[in-house]
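Enquirer: I need the structure of the sequence given here:
(2 chains)
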Amino acid sequence: MRRRLSLLGAAAALAAAALLFAGLHETGSGTAGAGVRELPPAPRDASSWARLGLSYEQKARETADPSYYTKAEGALRRALRLDRHDLAATTGFGSLALSRHRFREALGYGRRAQRLAPSSAAPYAVVGDALVELGRYDEAFRAFDTLARLKPGLTAYARVAYGRELVGDTTGAIQAMRLAAETAAGREPAAWTHWQLGKLYWSVGRSTEAASEYRAALTVLPGYVYALDALAQVEAGRGRVTRAISLERRAVDRVPLPQFVSVLGDLYRRAGRPRDARRQDGLVTVIERLLAANGVRTDLETALYRADRGIRPEETVALARLARRDRPSIDGDDALAWALFRGGRCDDALTYSQRSLRLGTRDALKFFHRGMIERCLGRRAAARAWFRRALALNPGFSVRWAAVARKELG
Amino acid sequence: METAVFSAGRGRLATLALAGALVAILLAVGPGPQAAQASSHREAPLIAADPTADNTDLYAFVSPDRPDTVTIVANYIPFEEPAGGPNFSNFDENALYELHVDNDGNGRDDVTYQFRFDTKTRNGNTFLYNTGPITSLDDADWNVRQTYSVTRVQNHRRTVLATGLASPPANIGPRSTPSYDSLASAAVNTLPGGIKVFAGQRDDPFFVDLGSIFDLGGLRPFNPFHLIPLPAQGGVDDVAGYNVHSIAIQVPTAQLVDASPTIGVYASASRPALRILKADGRTKNLGPDVQISRLGNPLVNEVLIPLGQKDYWNRQDPEDDRQFVNRYLNPELAGLVNLLYPALPDTPTTNRKDLVSVLLTGVPTLNFTGSKPSDMLRLNTSIPPTAAPNRLGVLGGDFGGFPNGRRLADDVTDIELRAIACGYGPILKAALGLCDLQPNDQIGDGVDANDKAFMSTFPYVAAPHQGYDSHTATP
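Expert: Next comes the predicted model:
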């Protein structure tokens, strides 16, 4: 009889989880910030705890409130304690680790999920995502290709698009992301794919198409912060700083992510409002502390942010090294190159800049970084060539640095 | 709102009103792990719902008004809200939709009908679906429309049967779609060889009491038998008021059958694989189509196939279903029935050859296709349609219904529940020696019919609920 009751409990919890998800789906369609409809999972059922964990992760995606990571971890941990072979909880831990930028941990969970269900598609996504950030691109691309062969759909297409973008094939990336967008169901995934498409267009300076994708994202999901931020950058690139500030302000008011706050600071600086700019800089520190308190590693983002602003160059180099150890990707290489440059160590910087461009990625900001490093090494012609490349690719590539590149070219 | 719960799996929660079904379904569906974007790294969704490739139900029956033909209906896009504007649901033009027919019992398709869709937007500068009343299938006020092609594949030969066929618009309301039935009937196409096709929005013909099923596998009329008893009640149809997208085809039987009158039918949806790079380092956009969902008998994927194998099961073809036989022989669900309904006699949990027979090989003397196990709807086309169909199909002595094919009105929830619970009823016990525990042969969810009456002619599925009148939309 006891066994019966515990199974009964399990069923109750599953029903509860179903309701929870139904509720989440509703709030997910545009009203980020609405409360999770919490129903207690059965104390002894792993699946229901796993579901709760995943629902917290979804909530984090909607609200960008990092405290949901901690809640997710608690629920997933309970699930694994009840059943250490639970597939959903293992996969969930993988994606949680990705969100927290703990990529080696994510790889471990992804591999475990693969062993639990070798024929399932989702674990390949976790594994591939982790490998990308660990700089193991050949293996990552193999994982994404396998994923796309096992289960074509948004999950796979979006990752194929990213792979193509990384190797510099923007046209192919746009084709793949377009497929992802056409497969997207529900407002958040639809908005996400439009945003990604816009970013791809923007990366090669096609600002009209970019803006129209961002607007499409905002039509599906009004107030979608990532599209507000991205649209602000398009407007800034067009020289409409006031409009850009108002868009970025809206993004920051909703979700003060560090990169939004940082861009807003740059915009204020450009608008000649240094006091407002400094206020944003203070906010970034606070937010990064909040992220760290919820297990998110932000070393790389912090290093880039500090290097951009020339804050304590030696400390920043140390931080960038630490970040790159955790994340030996082309982004890790680029952050370290930039930090080394700001610390005046341009020989070392060049090595890492070369590494950051080794895949052939067409990334104007990385081109710009390279230009500054070449200039520092006294190679003016090479520097000018990189600045030209950056601006030719995307004249508005950075609120802060595009103007500098233009000035360098005279 | 239900879409979140059901759509990523195959079909809706479908029918088996038991905790086991809940377990299977809830594991299979729901928004997957999706990471928040705390900062710069790319976070693509991990498990995304794919409703346009989600085959909710499959039907195959001898056409009641044209008994020398067989009608096959495959439904996609679960829980479409009639008031789903401005982006009304459509078929996916990147997906390949297929209806497969096996006519010699080897599990392989002998005749396949492929459907591909094409979306046309007349005016890209408006997000509006229509800018005035849609009064015909080529109305200039209709902005977003779909056409489709039908291709038959037989003996490795591909024959394009038709292209540019019009799909009707969504049923929006009295202003946009004032005479919907005439639009829908204009979208019934007759192809050479006496084939009829239709593809478009319809009422979801499925009916089930999800609310009670989700409450600990409850069946309202049998509430007193539950581990946590409640007073008995009538069932509530939670699919009522929702639409789906139907692909329907009616084919002269002679074009489908071979030596035996019994055919096996399944539906599938595929999407193109992609690679980051080709071997030569260049990209090629679309790779070969990969089957990502299939459907023969209702509920098999939801209830019998474990979570870790669902992707794999969907990629497999029925001819390879021998590898899954143990899932049918020893269904975990049977044990849960026994646990949740202690007052009912226990159903056997192992060696369920009856389920293998009903779902994988066909029932001897009715629709047996040989020893090769393959999950398909099996239809003996020589059994003429009856003027008085019984919702319990074969269990009710009506051999023209499930599990002999499946008609729109067949109550597969109750039929499969009784099958799992070993309550096949006195008729099948006497005829075939199938188990008949009592009162297990009386159980059901209390929802016995669809909310809308079916049509008496092709495509039979009822007209879609109108957005204007809809009560299902979440505010």
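
Enquirer: could you verify that A:R289 is part of a helix?
Expert: Yes - counting by DSSP: H, G, I helix; E, B strand; the rest coil, A:R289 is located in a helix.

Enquirer: just for the chain, where's the confidence low?
Expert: Going with chain A. By pLDDT under 70, the low-scoring segments of chain A are A:1-43.

Enquirer: sorry, I should have been clearer: chain B.
Expert: B:1-41, B:278-283, B:472-475.

Enquirer: give me phi/psi at the residue most central in space within it?
Expert: Centroid-nearest residue in chain B: B:D57, 0.9 Å away (criterion: CA atoms, centre = their mean). The phi/psi pair for B:D57 (degrees, to the nearest 10) reads phi -150, psi 150.

Enquirer: who's it bridged to?
Expert: B:N75 (DSSP bridges).

Enquirer: hang on, it packs against B:N75?
Expert: Yes - using CB atoms under 8 Å as the test, B:D57 is close enough to B:N75 to be in contact (4.8 Å). Heads up, the C-betas are built off the backbone N, CA and C, glycines and all.

Enquirer: what parts of the stretch 301-450 of chain B come near chain A?
Expert: Taking CB under 8 Å from any CB of the partner chain as the contact definition, the stretch 301-450 of chain B meets chain A at B:307-312, B:315, B:336, B:339-340, B:342.

Enquirer: 10 Å - rerun?
Expert: B:306-316, B:335-336, B:338-340, B:342 (CB under 10 Å from any CB of the partner chain).

Enquirer: hmm, stretch A:180-192 touching chain B?
Expert: Yes - contact between stretch A:180-192 and chain B, assessed by CB under 10 Å from any CB, occurs at A:180, A:182-190, A:192.

Enquirer: pull up the distance across that stretch, start to finish.
Expert: The first residue of stretch A:180-192 is 10 Å away from its last residue (CA to CA, to the nearest Å).

Enquirer: distance from that stretch to the middle of the chain?
Expert: The chain centre lies 17 Å from the centre of stretch A:180-192; the measure is CA atoms, centre = their mean, to the nearest Å.

Enquirer: count the residues that sit near A:R115.
Expert: 10 (other CB atoms under 10 Å in any protein chain shown).

Enquirer: I'd say it and A:T91 touch.
Expert: No - the criterion here is CB atoms under 10 Å, and A:R115 misses it with A:T91 at 11.9 Å.

Enquirer: for the two, list the residues in contact with both.
Expert: A:P123 (CB atoms under 10 Å, 6 or more residues apart in numbering or on different chains).

Enquirer: how far away is the closest residue to B:N123 other than its chain neighbours from chain A?
Expert: Using CB to CB, 6 or more residues apart in numbering or on different chains and skipping the chain neighbours, the partner closest in space to B:N123 is B:N143 (5.5 Å). Remark: distance between B:N143 and chain A (CB to the nearest CB, to the nearest Å) = 15 Å.

Enquirer: list the contacts of B:N143.
Expert: By CB under 10 Å, 6+ apart, B:N143 lies in contact with B:120-132, B:134, B:169.

Enquirer: can you turn the buried part of the residues you listed into a ChimeraX selection?
Expert: In ChimeraX, a selection of the buried entries from those looks like this (16 or more other CB atoms under 10 Å in any protein chain shown):
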select /B:129,130,134,169
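
Enquirer: from the contacts of B:N143, pick the one nearest B:T381.
Expert: For the contacts of B:N143, the minimum distance to B:T381 (CB to CB) is 33.9 Å, reached by B:P169.

Enquirer: so that closest one, which of the three states?
Expert: Assignment for B:P169 (three-state DSSP): coil.

Enquirer: can you tell me how far the residue nearest to it when sequence neighbours are not counted sits from B:Y180?
Expert: Of all residues not flanking B:P169 in the chain, B:I134 sits nearest, at 5.2 Å (CB to CB, 6+ apart). B:I134 sits 9 Å away from B:Y180, going by CB to CB, to the nearest Å.

Enquirer: what touches both of those two?
Expert: By CB under 10 Å, 6+ apart, the residues touching both B:I134 and B:Y180 are B:168-170, B:172.

Enquirer: show me the two of the residues you listed that sit farthest apart.
Expert: B:P168 and B:I172 (11.2 Å).

Enquirer: quick one: buried ones out of the residues of stretch A:180-192 next to chain B?
Expert: A:180, A:182-190, A:192.

Enquirer: narrow the residues you listed to those in helices?
Expert: A:180, A:182-183, A:187-190, A:192 (DSSP state H).

Enquirer: ok, so of the residues you listed, who is nearest A:R269?
Expert: Comparing those against A:R269 with CB to CB picks out A:W192 as the nearest, at 29.8 Å.

Enquirer: residues in contact with that closest one?
Expert: Per CB under 10 Å, 6+ apart, neighbours of A:W192: A:61, A:154, A:158, A:180-181, A:184, A:186, A:217, A:220-221, A:224, A:226-227, B:34, B:37, B:43-45, B:48.

Enquirer: mind checking which of the residues you listed land in strands?
Expert: Assigned to strands by DSSP state E, none of the contacts of A:W192 qualify.

Enquirer: do I have it right that B:S212 meets B:T413?
Expert: No - using CB under 10 Å, B:S212 is not in contact with B:T413; the gap is 11.2 Å.

Enquirer: shared neighbours, the two?
Expert: Common neighbours of B:S212 and B:T413 are listed as B:17, B:219, B:235, B:445-447 (criterion: CB under 10 Å, 6+ apart).

Enquirer: in what helix or strand does the one residue in the stretch 301-410 of chain A that gets nearest to chain B lie?
Expert: For the stretch 301-410 of chain A and chain B, the shortest gap (CB to the nearest CB) falls at A:E301, measuring 4.6 Å. Element membership for A:E301, per DSSP states H and E: helix A:299-309.

Enquirer: following element in sequence after that helix, please.
Expert: That would be, after helix A:299-309 and using DSSP H and E, helix A:313-326.

Enquirer: buried residues in the helix holding A:E301?
Expert: A:299-309.

Enquirer: please apply the same query to stretch B:101-117.
Expert: B:101-105, B:107, B:109-117.

Enquirer: now stretch B:287-305
Expert: B:287, B:289-305.

Enquirer: for stretch A:335-353, same thing?
Expert: A:335-343, A:345-346, A:348-350, A:352-353.

Enquirer: and it, how far out from the chain middle?
Expert: Taking mean C-alpha positions (CA atoms, centre = their mean), stretch A:335-353 and its chain are 24 Å apart.

Enquirer: what distance separates the start and the end of it?
Expert: For stretch A:335-353, the first-to-last residue distance is 9 Å (CA to CA).

Enquirer: measure the closest residue to A:P313 other than its chain neighbours to A:R325 for me?
Expert: Nearest in space to A:P313, with sequence neighbours left out and distances taken as CB to CB, 6+ apart, is A:G343 at 3.9 Å. Distance from A:G343 to A:R325, counting by CB to CB: 17 Å.

Enquirer: what's the burial count for the closest residue to B:E80 other than its chain neighbours?
Expert: With CB to CB, 6+ apart as the criterion, B:E80 has its nearest non-adjacent residue at 4.1 Å, and that residue is B:N243. When neighbours are counted by other CB under 10 Å, B:N243 registers 30.

Enquirer: my guess is B:N243 contacts B:P51. True?
Expert: No - with contact defined as CB under 10 Å, B:N243 does not count as touching B:P51 (11.9 Å).

Enquirer: between these two, which contacts overlap?
Expert: Taking CB under 10 Å, 6+ apart as the contact rule, the neighbours common to B:N243 and B:P51 are B:77-80, B:89.

Enquirer: for the host helix or strand of B:S246, buried residues please.
Expert: If you go by DSSP H and E, B:S246 is part of strand B:243-252. Within strand B:243-252, the residues that count as buried by 16+ other CB under 10 Å are B:243-251.
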